[in-house]
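S.K.: Need coordinates for the following:
(one chain, ligands or ions: 1)
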Amino acid sequence: MDSTVGRDREHGTVLVTGGTGTLGRLVVPRLRDAGRAVRVLTRGERPPEDGVAYVTGDLTTGQGVDAAVDGAEVIVHCAGTTTGDGEKTETLVRAAARAGTPHLVYISVVGADRVPVVSRVDRAMFGYFASKRAAEDVVAGSGLPWTTLRATQFHDLMLTTARQMAKLPVIPVPSGFRFQPVDTGEVADRLVELALGAPAALAPDIAGPRVYAMDDLVRGYLRARGKHRPIVPVPAPGRAARAYRDGANLAPDRAVGRRTWEEFLAARVT
Ligand SMILES: NC(=O)c1ccc[n+]([C@@H]2O[C@H](COP(=O)([O-])OP(=O)(O)OC[C@H]3O[C@@H](n4cnc5c(N)ncnc54)[C@H](OP(=O)(O)O)[C@@H]3O)[C@@H](O)[C@H]2O)c1
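M.R.: Prediction:
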């Protein structure tokens, strides 16, 4: 990489796709604090605020994407849904390659390469992992300088899941499922560090400090809310579920996150 490109990256505009989402919302101010001009791609319309420009566009239709990537030196790609991230990422990559050679930084999930999504049952429960894997492949094959960070489930996602489950009178929890939730702010810190550094290809995973059985995560939430619910283990069929039981979504050797689930709950749940 020549030094001119490096200098541009240091000072150029950073585009954040998904900059309105749970993770992206935390990435944007960190980039601003680092002195970067920030642009956010969103399907909504928003006036600029706090030095952040919003560009309306949609990675599913391609509308507005060329304008969003124009002149960006770095693209932090946080936009995602549960399906179709491969296609959305292709749309982004095509536009980015037409515009130049930005550093493309992608957030994926631990297990994208280890959770097999082969049957209809796998797809129904774990299609997300195939979608993330497809997007990873698009990023790695983009011809752009790239970095991909795989993270375990964010505390925020586990909280949303626990809240939904706690609405049921009896809570079914897939037997043998474990999680290693990580703080979203810590993932944002690392993603920004990677975005402002040299392209790193597949970066070491980021995972939370502890592994929990899923029923313990739910119990922790119930305790924090002062609620009581029976929890019933249920079997989950399919190869993807077996991989989950085998810990494909965990990275115990990369337990670099500091904030625990208990600390997160104490701050967020009253
Ligand atoms: N949550 C987790 O535990 C976890 C773990 C590992 C990795 N990840 C990955 O981290 C990323 C961010 O997750 P998150 O939890 O922050 O997601 P989120 O809160 O659901 O936010 C999703 C974002 O994607 C944008 N988006 C969705 N469809 C789009 C489209 N067609 N065109 C343009 N933008 C679109 C949304 O923007 P608008 O609505 O403003 O258009 C929103 O900002 C995702 O790629 C996810 O797979 C998440």
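
S.K.: Ala96 is in contact with Gly71, isn't it?
M.R.: No: counting by C-beta atoms under 8 Å, Ala96 sits too far from Gly71 to count as a contact (11.1 Å). In this view, the C-beta of every residue, glycine as well, is placed from N, C-alpha and C.

S.K.: Comparing these two, which shows the higher neighbour count?
M.R.: Ala96 (25 against 14; other C-beta atoms under 10 Å).

S.K.: Does Arg114 belong to a helix, a strand or coil?
M.R.: The local conformation at Arg114, judged by DSSP: H, G, I helix; E, B strand; the rest coil, is coil.

S.K.: Identify the residue spatially nearest to it, adjacent ones excluded.
M.R.: Ala248 (3.9 Å; C-beta to C-beta, 6 or more residues apart in numbering).

S.K.: Test my guess that the one you found contacts Ala112.
M.R.: No: with contact defined as C-beta under 8 Å, Ala248 does not reach Ala112; the gap is 9.5 Å.

S.K.: Need the per-residue pLDDT for the residue most central in space within the chain.
M.R.: Closest residue to the average C-alpha location of the chain: Ile107 at 4.8 Å, with C-alpha atoms, centre = their mean. We have a pLDDT of 98 for Ile107.

S.K.: That one bridge partners, please.
M.R.: On the basis of DSSP bridges, Ile107 is bridged to Leu149.

S.K.: Close to the ligand: what parts of this structure are there?
M.R.: 17-18, 20-24, 41-44, 58-60, 78-81, 88, 107, 109, 132, 151, 153-154, 157 (C-beta under 6 Å from any ligand atom).

S.K.: Which ones among those lie within helices?
M.R.: Here DSSP state H is the test, and the residues of the chain next to the ligand give 24, 88, 132, 157 as lying in helices.

S.K.: Confirm for me that the third one is in contact with Asp85.
M.R.: So that's Lys132. Yes: with contacts defined as C-beta under 8 Å, Lys132 counts as touching Asp85 at a distance of 6.0 Å.

S.K.: Good, we can wrap up now.
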